[in-house]
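[1] sequence-free structure coming up:
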């Protein structure tokens, strides 16, 4: 961030009065440009004990598998965004069941919010960003070909819940014991 | 957003190739400037069946009561941010117990993520953004003087759980039946 998006002047890196960290500040129009984490929304669509996954047709991780997920947009709720992403990536209709995981990745300023969902029918097909969409039985999940650690965490937490479910949401942070489900 | 924060040129409002909504695009350096919702993190700090609230010393809603909460910063996890905000606003030490609510406000592009927490001691005092910090018994909660609807939702969901708790997280959206707790 070099220039003020409001007035176009050069930005300075300063600690504003009453703040305790450096921000991009415009000395011309006094705007403080805060930078904050982004939310990634996703769903685990379940149909007859199988999970709908998408093979990514875009970078990063072209060719690897993921659940439907993507950046939350302005003007929507978390559930609406998860439903939208599932339509965009797999043309699949879901009904949200419950929140499954919340997974922070401080290194890249992301929080992944993943819901468990019913896939309402099997009339899905790849969206423009997917090469392939298909159902996987739990024993078939391609653990070595998953695109993102947040997806791995969400799918593992789902398997964990199949055995011992008390309906709690699994909270994880990348690099902090993210290899197994944690409960908060 | 008028100017490119990367190169300083005037921005255009366009639908990028492969996208389906208008974005601020720089025709000079080809940067697409996405705008996404922000996360507000907070905690319900509980001590001897009482809740710690802060009287706001800043706008918006100067003089009204809130739980400790504020914008998530880059480089932290959701739990770390809730703990940080509780220190900043009330100089209070907490231990996160579990996720309590996730509350979307599409109208202002915010998602509030609120944790239930143990307040570890009563040595709290107002931070620079608070006029007063004090413990409220559940019957004393100042419902008519709360600063934000997301806080009202979180506190109501906590009271609801005192009666019927199955440990689930309450999911709400402003304007969509947010007057009572909803379960997803």
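    Arrived safely, thanks for sending. Worth saying up front: this structure is predicted, and the values here are computed from it rather than measured.

[2] buried set for the helix or strand of chain A with the lowest mean pLDDT?
    Within chain A, confidence by mean pLDDT, DSSP states H and E is lowest for helix A:149-163 among all helices and strands, at a mean of 92. Buried residues in helix A:149-163, counted by 16 or more other C-beta atoms under 10 Å in any protein chain shown: A:149, A:150, A:151, A:152, A:153, A:154, A:155, A:156, A:157, A:158, A:161. C-beta coordinates here come from the backbone N, C-alpha and C atoms, glycine included.

[3] dump these to a markdown table, plus distance to residue B:101.
    Listed next are the buried residues of helix A:149-163 as a markdown table, based on distance: C-beta to C-beta, whole Å:
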| residue | distance to residue B:101 |
| --- | --- |
| A:149 | 26 |
| A:150 | 21 |
| A:151 | 24 |
| A:152 | 26 |
| A:153 | 21 |
| A:154 | 20 |
| A:155 | 25 |
| A:156 | 24 |
| A:157 | 19 |
| A:158 | 22 |
| A:161 | 20 |
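
[4] tell me the contacts of the residue sitting nearest the centre point of chain A?
    Central residue check for chain A by C-alpha atoms, centre = their mean: the C-alpha nearest the mean position is that of residue A:40, 3.0 Å away. Going by C-beta atoms under 8 Å, 6 or more residues apart in numbering or on different chains, residue A:40 touches A:69, A:70, A:71, A:72, A:110, A:111, A:112, A:113, A:150.

[5] report the longest strand in chain A, please.
    Identified as the longest strand of chain A according to DSSP state E is strand A:94-105.

[6] all helices for chain A, in order.
    A:78-90, A:149-163 (DSSP state H).

[7] what's the angle between the last one and strand A:94-105?
    To tie it back to what came earlier, the one meant is helix A:149-163. 120 degrees (axes from the mean of the first three to the mean of the last three C-alpha atoms, to 10 degrees).

[8] which strands or helices does helix A:149-163 pack on?
    For helix A:149-163, the packing partners by 3 or more C-beta pairs under 8 Å, 6 or more residues apart in numbering or on different chains; DSSP states H and E come out as strand A:38-47, strand A:94-105, strand A:110-119, strand A:170-173.

[9] mind putting these into a markdown table with mean pLDDT?
    Output for the helices and strands packed on helix A:149-163, formatted as a markdown table (pLDDT from 0 to 100):
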| stretch | mean pLDDT |
| --- | --- |
| strand A:38-47 | 98 |
| strand A:94-105 | 97 |
| strand A:110-119 | 98 |
| strand A:170-173 | 96 |
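
[10] could I get the ones you listed as CSV with distance to residue B:95?
    CSV is the format used below for the helices and strands packed on helix A:149-163 (distance: least, C-beta to C-beta, whole Å):
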stretch, distance to residue B:95
strand A:38-47, 25
strand A:94-105, 18
strand A:110-119, 21
strand A:170-173, 14
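
[11] ok, which of the ones you listed comes nearest residue A:19?
    strand A:38-47 (21.2 Å; C-beta to C-beta).

[12] partner strands of that closest one, parallel or antiparallel?
    Note on strand A:38-47: by DSSP bridges, its sheet partners are strand A:50-56 (antiparallel), strand A:69-71 (antiparallel), strand A:110-119 (parallel).

[13] what's the angle from the first one to helix A:78-90?
    Between the direction of strand A:50-56 and that of helix A:78-90, the angle (the same axes, to 10 degrees) works out to 70 degrees.
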